[in-house]
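Trainee: predicted model, plus sequence, below.
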Amino acid sequence: MEQPLEAHFENRIYYFTIENKDTETIMITMYKTAYIFLKQGKEWRNAIWNKLQMSSGLIKAVIEAIEATVPVKPEGD
């Protein structure tokens with residue numbers, strides 16, 4: 001099982017694991033809840049079909065944690 005990552009937001013630490021990741025979609029599990037984020041322009045947003053909607057600030061913290069530990073490959077490599 002993959003080691004959990006930490007997202008720091010509003011003086012709290014949120015633990016999550018990456019389930020799947022590509023340049024346009026990220027799927028994570030945080031506290032037994034699945035979240036899917038879709039890239040829209042330069043920002044990541046909740047998929048409308050997520051059971052729960054994550055706040056934009058926490059999404060940003062999750063993306064920063066992912067980018068700090070799992071570099072994004074440029075397209076075409």
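Mentor: Nice, thanks for sending it over.

Trainee: CA atoms for contacts and neighbours, from now on please.
Mentor: OK.

Trainee: ok, which stretches of this structure are helices?
Mentor: 56-69 (DSSP state H).

Trainee: in the protein, which spans are strands?
Mentor: 5-9, 12-21, 25-30, 33-40, 43-46 (DSSP state E).

Trainee: residues of the first one that come out buried?
Mentor: What it means is strand 5-9. Of the residues in strand 5-9, 5-8 count as buried by neighbour count, 16 or more other CA atoms under 10 Å.

Trainee: ditto for the fourth one
Mentor: Under the neighbour-count criterion of 16+ other CA under 10 Å, strand 33-40 has 34-38 buried.

Trainee: and the two most separated of those residues?
Mentor: Farthest pair in these (CA to CA) is Ala34 and Leu38. Separation: 13.5 Å.

Trainee: what's the closest of the buried residues of strand 5-9 to Ala61?
Mentor: So of the buried residues of strand 5-9, ranked by how close each gets to Ala61 (CA to CA), first place is Ala7, at 5.2 Å.

Trainee: look up phi and psi at Trp49.
Mentor: phi -90, psi 0 (degrees, to the nearest 10).

Trainee: give me the neighbour count for it.
Mentor: 9 (other CA atoms under 10 Å).

Trainee: OK, contacts around Ile18?
Mentor: Ile18 makes contact with 2, 26-29, according to CA atoms under 8 Å, 6 or more residues apart in numbering.

Trainee: fine by me, thanks again.
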